[in-house]
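Colleague: dropping a prediction and its sequence here:
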Amino acid sequence: MATTNITIPARSASGPEGKHAPARMKFYVDTKRCIECGGCEVACKNENNVPPGIARIRVVTVNEGQPGETNVAVPCMHCSNAPCVSVCPVDALFHRADGIVHVNKDTCIGCGYCLYACPFGAPQFPKGSPFGKRGVMDKCTYCAGGPEEAFSATEQELYGSNRIAEGKLPMCASICSTKALVAGDAEEVANVVRARSAARGSAAGSWGWGTAYPNN
Amino acid sequence: MRGGFMKLTRVTESGGQYPNPALMDGLQTGVSRRGFITAAGMGVGLAAMGPSLVKEAKAATDTGGNPRKLNQIKTICGNCAVGCGFIAEVENDTWVSIEPWFEHPINQGSLCSKGSAAREHVISEKRLKSPMKLDGGKWKRISWDTAMSEITAKLQDIRKKHGPDALMILGSAHHNNETSYALRKFAAFWGSNNIDHQARICHSTTVAGIANTWGYGAMTNSMNDIRNSQCVFIIGENVCTSHPIAMQHILTAKEENKAQIIVADPRFTQTAAFANKFVQFRSGTDVALIYGLINVILENGWEDKSMINDRTYGFSDLKEELKRYDLETVSDITGVPVADIVHSARLMAENRPGTLIWAMGGTQHANGTSNTRSYAALQLVLGNMGKPGGGCNIFRGHDNVQGATDLGVLSNTLPGYYGLGVNTAYKHWSNVWGVEHNWIKSRFKDEKIMGKKGFTVARWYEGVLMDTKELGQDVNVHAAFYWGHSCNSQSQMDRIKTALDKVELLVDIDPFVTTTSILPDRKDGVYILPAATVYEQAGSVTNSNRDIQWRNQVVKPVWESRKDLDIILDLADRLGFGKEFKKSRNGAWKELPEDITREWNLGMRTIGMTGQTVERMKRQQEWGHAFDLKTKIAEGGPCDGEQWGLPWPCWTDKHPGSHVLYRTSIPVAEGGMGFRARWGPKAPDGRTLLAGKGSAPVDSSLNEGYAEMKNWKTDLTGKVFEDAIAKGLAPYGNGRARFHVWTMKDDPVPKHREPLHSPRPDLITEWVTYDDVKDHYRVPTLFKSLQKKDWVEKYPLILSSGRQVEFEGGGNSERNCWWLVELQPEMYAEIHPRLANNNRIKHGDLIWVESPEDTDTQPSRIKVKAKVTRRVSPDMVYLPFHWGGVMSGKDLSHKYPEGYVPYGIGESANTVTNYGYDRITQMQETKTGLCRIMKA
Ligand code: SF4
Ligand code: SF4
C-alpha cells in the first residue's frame, strides 16, 4: 500500500523563508447561517461518489418548526483527540499530519466500535455486502481521499476524491449556500468565527430571540 | 452504473489559488471578495498550501495514476430563478464533476441541494432513452422519425377537422429564452393563442398586478441589491426552501446592516427562523394585513409624501378604501394582534430603504392580483420604490420563468407583452419574423380568435371536457402538448385526468417520464419524447431579477434525447411551415441558438431586451470577478460599467442594464428611469398620469413627467432609443404608479375578499368574492356561486401547499435524482400536534386528506403520512406539491414504462387543492382551500 506524501501547508508566508507550522484542518458550522438546504449533503455525494444510504455529512435541525429553530450540518469533525481513533481495536483509524482523521479500509473490520465512540454519528456502514465497493466503514474524508496513493484508482474507488491534494477545500464547505460551513486550518476557521461574531455583536437586538419573539 | 461517471483524476491549473469560500461573503471587514483573492497567496487562506500539494499531485499521477485533463464549462443552474453559476467538468463528453464558480456575482460558488445535484439530471438512470408510444395499452419504443411523422399526421388531421384552436401547447419555464421564443413563434405560425406555461400558475398575478401599477411586471431590484436593505419584509415566500442562495444576500443584510427581517406567513417557515419578527396570519388575508400596515404608517405620518405626490396616481382612492380597515377589523380578519401590526409597520418605517419579497404564497390566490397590488402600494407609500435596498423583490420560481414570461409563452400575449392585437402586436412581430402579416393571419381561423386570449395552463382541460357552448371557442381541444411541464403542479388533478383520458392526442416532451404520461387510463394516443435537459443545450436564461446569462451546453444530449429547439424545428418542417419559420428580418437562421437571440434582440423593444447581445453575455462569463456584489457593476476590464446580467431594460448594446427599476437618482444612460407612462398622459377621470416636476431621472432634458416616445415599441432601427438616451429620457416616458386601476372594474383599488372556501363564513357577506365570469380565457369561471357558507362545517381545516427544498414544481426531474429523493423520500402532510392528538393521529400515521367536491360530484382525497410539527398552526394542513405517481391511495407505478418509475413517487397535493382562480389572470388558488383529515 502506498503511503500518501503529505506536504505541511505553510501557515504564514510572511517572512522571507516563511514560517512552517503544521496545519490542523477543521470544520465549523455557523448555526446562525445554515438554512438546511442540503447542498452540502448532495455536493458530497456528487464529489465523492458516495453510495446510496451513506451520509458523510448530514444536516440536523434543532427545535424544528419553532422559534429558535437551528440547523447544524454534521460531517466528521476530525477531532484532535478523536475518540474513534482511541477505540479502534485494529488501529484502522488514524490522524494525518494535518489532523484529518482517516480510516484505512484494508484494516477496518467493521465492528462499529467507532460509532459508539463518535459524538457525531459520523461513521457509516454501507448496507448490503460488507465487502462492497466502499468496504466496511465509510465516513467523511475531509475530501482528502484515503491512505492510498493520491488520485489512484483505488483511492477514488474506496474513498472518493482528494481535493486537499489538489489544493482545494472540501466540497461541502466550498459550495455551502450561505457560507455557513467553514473549512480550513483551525486558526483560519477561528478568524472567520471571530470576524462574524464581531460583526453581529454590536446590535444584540438584531439577533436576540427575546426581541424577535416577545410572545414566546 | 453511476460509478461509470466517476472521475479519476483532476489537475488544477489555477496553481492552488483556491479561495476560502468562508471569506467570500463580503462580511469580513477589510476583506472584500476580490481583496481576498489577492490576499490568498499571503497566507490568509488554505490556498497557501496549494502549489506544493498540486505538485505532489502531478508527480503522483505521473508515476502511477491516470492523469486526465478535464474541460471546465461555465454554466447556469437549471432549477430555480436565483440563477446560480457553476463550473461543470467534462471529459470525453461525459460530465464528471462540478466545481464552484466562486467569481459568479450572484452565488459566489454556492449551490443548494438542487444545484449540487445538477449532474444527476444528466446521468440519472431514469432518463428517458428513446421516444415511446402507448400502443394497445403497452408502452412501445419507437424511432424519432416514426414518432414525429405519426404525431404531425395526427395534428394535420385534427387541424383539418377542427381548426388550429383544437391544439393546446403547455410550454415550459425550463426552456431557455431562445427555445421559449421559438415555441411562442411556433404557436403563432400554427395559428392559435392556445399556448401557455407555468408562469400562469406561479406569478401571473404578479405580472398583472404590478405591471398595472408601474409599467413592468417583473422583480424591480435584485438579489444582490438586498445587501443594501435596512429592512427585509418577506410575505408568502420561504426563501430558505425556494430560493436558498438568496439567503446569502438576506443574511448579509442582516449581519452587515443589522437589517430587520420580518417574515409574514401562515406557517413558521424555515425562513421565519431567521427573522427578527414573525407575523403569523391567516392564509388569504394579505390585502387586509397590508392595509393594516399602511393605515399605521399614515396615522403616524410615516409615508413618503413626495413619492406619493409626485410619482403616484389615485392615492385618494386608496385612502377611501383604507377606511374599511381599522386595526381591530384587520386583526379580526387576519388573526394578527394589533400590537404586531403596529410593531411591524414601525420597523418598516424606521428602517429604510426596505425591500419587500413575495412569491407564490402571495400570488396563488383567487384574489392574487389584488395581493400583489397591495404589496406594491405598501412600498410606494413607504417611498421604497426606485431605490437600491428597496423595491419589490419578487422571487420567481423556475430557472427561466422570467424569460419564458418575457418571451410571451402565454395565451394572452406575444413576446414582449405586446398583447394579441391583430394589427398591432401581430403586425410588429410579423415584421420581426420577416413574414407577411397577411400570411400569419391566414394561419388562424379568423381575426376575432386571433386577437382573443387562449386557454391557460390552469384550466385548459376544460377545453376538452366542457360543451363547446360553454367555451370561448367553437371547438374542443383535441390535442395537447405537455412540453417540459408536469401536470401535477396544476390543481383539479381529478379533472385533468379525465381530460387526459379523453383528448385524442397527448404528447409529453421531457427528459423524464412525467406524471402526465402515466395519469390517464387509455390504450393509445400518447407519445413521450425524450428532451435534453437544460445542460445539454445552450442559450440564454433570465433569472428572477432580469439578469440574462448565457448558459453553455455541458454535454451533448444523452441517449436519444434531442434539444427542445430541434424538436420545434422538426415539427415546423413536418407541418409545412419550416421555411417561413426560420426566416427572420435579420436574414434566415444559420447559427443556432445565437441567431434566435439576435431575432428577439430586434423585436423585444418594450422591455429593452435589446442590448443583451450574444457577445456581451458571453463576455460577462469570463469577467465575473470584475463585478461588485452590491452594485452589480463591473469596474474596469472590457465590461467596465456594465451591470451583471445586463438586466432589462438594457436599451442598446452600449447601455449597462437596469437592476434597480424606476430609479431616478442616476441618468437613463446608466440605468435610471421613472415609472412607465403606460396609460397615456391623463386618466379617464382627468387627473394627470405624468410624473410631477423635478421627478425625472437626473441629467434629463425634461425634468418633469413626459409621455412615451413615438414609435419606441416598433422602431427596429434603435434610433428612437438612442435619441431618447442622448437626451436623458426614458423611451417609455416618465409617468405615475397607479394605486387606482380603472380597467380592473371589480377592484379599481384592491380589496380584501374572503377566499371561496373561507374558514370564516361570518365574513363572507361583507368581504364577498367576485361574480362568476363567462368566457374568461375561453372558459367560464366560478366565484360567488361556489363561495358557500357551509363548506367549513364539513371541511374545517385550511389547506395550503408549498415547497420542499430538494424539489421544484411538479418534482418530475428531481424525483428522478436519487441524491435528492434520498433526502426527501416521501410525501407527507404537516399537521400541528394539537390537531393530531385531537384526531388520534401520531407522527408517521397514514391519514386521508379530503377536500370539497366543488364542481365535481365527489370530494377528492389523498392518503399521506402525517408529519406532526409546530411549523403549522392547529387549524391548517400543509402539503408539499412536488409529488406524483400515486392518486387517491392508488399506486400508479404499474403505468410507467418499464424501468421508468421515479425514485420518489407520492400523492399529488393538487388532487385535493380546491377550485379557485384569480379574477384577472386565472391563477390557481392553492394556498387557501379547505379540507378535513381522518386516520387512514
Ligand atoms: S450547504 Fe450550508 S446552508 Fe446548506 S445545509 Fe449545508 S451547511 Fe447548511
Ligand atoms: S436551485 Fe436555485 S438556489 Fe439552488 S443552486 Fe440552483 S439556482 Fe441556486
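Modeller: Noted; the coordinates are in hand. Residues are numbered from 1 along each chain as shown, chains lettered A, B, ... in the order given. Ligands and ions are numbered 1, 2, ... in the order given.

Colleague: every contact and neighbour count from this point should use C-alpha atoms.
Modeller: OK.

Colleague: count the residues that sit near the nearest residue to B:Gly929 once chain neighbours are set aside.
Modeller: Leaving out its chain neighbours, the residue that sits closest to B:Gly929 by CA to CA, 6 or more residues apart in numbering or on different chains is B:Leu799, at 4.8 Å. Per other CA atoms under 10 Å in any protein chain shown, the neighbour tally for B:Leu799 reads 28.

Colleague: what about B:Leu799, distance to chain A?
Modeller: The gap separating B:Leu799 from chain A is 18 Å, by CA to the nearest CA, to the nearest Å.

Colleague: what residues does that residue make contact with?
Modeller: B:876-879, B:913, B:926-931 (CA atoms under 8 Å, 6 or more residues apart in numbering or on different chains).

Colleague: how does it look with 6 Å?
Modeller: B:Leu799 sits next to B:876-877, B:928-931 when contact means CA atoms under 6 Å, 6 or more residues apart in numbering or on different chains.

Colleague: quick one: secondary structure of B:Gly645?
Modeller: When classified by DSSP: H, G, I helix; E, B strand; the rest coil, B:Gly645 comes out as coil.

Colleague: now the closest residue to it other than its chain neighbours, what are its backbone angles?
Modeller: Nearest non-adjacent residue to B:Gly645, counting by CA to CA, 6+ apart: B:Asp547, 4.0 Å away. With angles defined as degrees, to the nearest 10, B:Asp547 sits at phi -80, psi 130.

Colleague: got the contact list for residue 93?
Modeller: Using chain A here. Here A:Leu93 is in contact with A:85, A:102-103 (CA under 6 Å, 6+ apart).

Colleague: look at chain B instead
Modeller: Residues counted as contacts of B:Asp93 (CA under 6 Å, 6+ apart) are B:Val555.

Colleague: at 10 Å what do you get?
Modeller: Applying CA atoms under 10 Å, 6 or more residues apart in numbering or on different chains to B:Asp93 gives the contacts B:71, B:554-558.

Colleague: also A:Cys44?
Modeller: With CA under 10 Å, 6+ apart, A:Cys44 has these contacts: A:50, A:55-57, A:140, A:142-143, A:160-161, A:170-173, A:175, B:116.

Colleague: now do the helices in chain A.
Modeller: A:39-48, A:83-87, A:113-117, A:153-158, A:171-175, A:186-201, A:204-207, A:209-212 (DSSP state H).

Colleague: so which of the ones you listed is nearest ligand 2?
Modeller: Distance to ligand 2, taken as CA to the nearest ligand atom, is lowest for helix A:39-48 among the helices of chain A, at 8.0 Å.

Colleague: do the closest one and ligand 2 meet?
Modeller: No: on the criterion CA under 6 Å from any ligand atom, helix A:39-48 is out of touch with ligand 2, staying 8.0 Å away.

Colleague: dump that helix to PDB, keeping only the CA atoms.
Modeller: The C-alpha coordinates for helix A:39-48 follow below in PDB (Å, rounded to 0.1, in the frame of the first residue of the first chain):
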ATOM      1  CA  GLY A  39     -26.500  21.400  -0.600                       C
ATOM      2  CA  CYS A  40     -23.500  20.100   1.400                       C
ATOM      3  CA  GLU A  41     -25.100  16.600   1.500                       C
ATOM      4  CA  VAL A  42     -25.700  16.400  -2.200                       C
ATOM      5  CA  ALA A  43     -22.400  18.000  -3.200                       C
ATOM      6  CA  CYS A  44     -20.600  15.400  -1.100                       C
ATOM      7  CA  LYS A  45     -22.300  12.600  -2.900                       C
ATOM      8  CA  ASN A  46     -21.600  14.200  -6.300                       C
ATOM      9  CA  GLU A  47     -17.900  14.800  -5.500                       C
ATOM     10  CA  ASN A  48     -17.100  11.500  -3.700                       C
END
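
Colleague: does any part of that helix sit near ligand 1?
Modeller: Yes: counting by CA under 6 Å from any ligand atom, ligand 1 is contacted by helix A:39-48 at A:39-40.

Colleague: in chain A, where is pLDDT below threshold?
Modeller: A:1-22, A:128-135, A:201-216 (pLDDT under 70).

Colleague: give me the residue ranges of chain B where confidence is low.
Modeller: In chain B, residues with pLDDT under 70: B:1-18, B:23-68.

Colleague: residue contacts, the residue nearest to A:Gly160 when sequence neighbours are not counted?
Modeller: Closest residue to A:Gly160 apart from its sequence neighbours, by CA to CA, 6+ apart: A:Asn48 at 4.2 Å. A:Asn48 makes contact with A:42, A:56, A:140-141, A:143, A:145, A:156-162, A:171, B:6-7, B:97, according to CA under 10 Å, 6+ apart.

Colleague: related to what we said a few turns ago, of the contacts of B:Asp93, buried ones?
Modeller: B:71, B:554-558 (16 or more other CA atoms under 10 Å in any protein chain shown).

Colleague: so which of those are in strands?
Modeller: B:Asn71 (DSSP state E).

Colleague: look at residue 192 and say how many residues are nearby.
Modeller: Chain wasn't specified; assuming chain A. Neighbour count for A:Val192, taken as other CA under 10 Å: 20.

Colleague: not quite, I wanted chain B
Modeller: With neighbours defined by other CA under 10 Å, the count for B:Ser192 comes to 28.

Colleague: show me the contacts for it.
Modeller: Contact analysis of B:Ser192 by CA under 10 Å, 6+ apart lists B:163-169, B:184, B:186, B:411, B:443-446, B:449-454.

Colleague: now do B:Ala246
Modeller: Applying CA under 10 Å, 6+ apart, the residues near B:Ala246 are A:177-178, B:81-84, B:106-107, B:222-224, B:226, B:239-240, B:395.

Colleague: cool, and A:Glu36?
Modeller: Counting by CA under 10 Å, 6+ apart, A:Glu36 makes contact with A:58-61, A:70-73, A:177, B:112-113, B:240-241, B:244, B:270, B:805.

Colleague: hmm, try it at 8 Å
Modeller: Taking CA under 8 Å, 6+ apart, we find A:Glu36 in contact with A:59-61, A:71-73, B:240.

Colleague: now the strands for chain A?
Modeller: Going by DSSP E, chain A shows strands at A:25-29, A:58-62, A:70-74, A:93-95, A:101-103, A:181-185.

Colleague: can you redo those strands as JSON lines with distance to B:Lys523?
Modeller: Output for these, formatted as JSON lines (distance: least, CA to CA, whole Å):
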{"stretch": "strand A:25-29", "distance to B:Lys523": "54"}
{"stretch": "strand A:58-62", "distance to B:Lys523": "45"}
{"stretch": "strand A:70-74", "distance to B:Lys523": "49"}
{"stretch": "strand A:93-95", "distance to B:Lys523": "59"}
{"stretch": "strand A:101-103", "distance to B:Lys523": "55"}
{"stretch": "strand A:181-185", "distance to B:Lys523": "52"}
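
Colleague: what bridges to B:Gly885?
Modeller: Beta bridges link B:Gly885 to B:Gly906, judged by DSSP bridges.

Colleague: B:Leu382 against B:Trp302, yeah?
Modeller: Yes: using CA atoms under 8 Å, B:Leu382 is in contact with B:Trp302, at 7.3 Å.

Colleague: hey, what's in contact with both of these two?
Modeller: B:Ala349.

Colleague: closest to B:Ser370 out of the contacts of A:Cys44?
Modeller: B:Ser116 (36.9 Å; CA to CA).

Colleague: can you list the residues of chain A near ligand 1?
Modeller: Going by CA under 6 Å from any ligand atom, the residues of chain A near ligand 1 are A:34-40, A:59, A:73, A:176-178, A:180-181.

Colleague: which non-adjacent residue is nearest B:Ala588?
Modeller: B:Lys582 (5.7 Å).

Colleague: residues near that neighbour, how many?
Modeller: 19.

Colleague: again, but for the one 4 residues further on
Modeller: Taking other CA under 10 Å as the criterion, the count of residues near B:Asn586 is 14.
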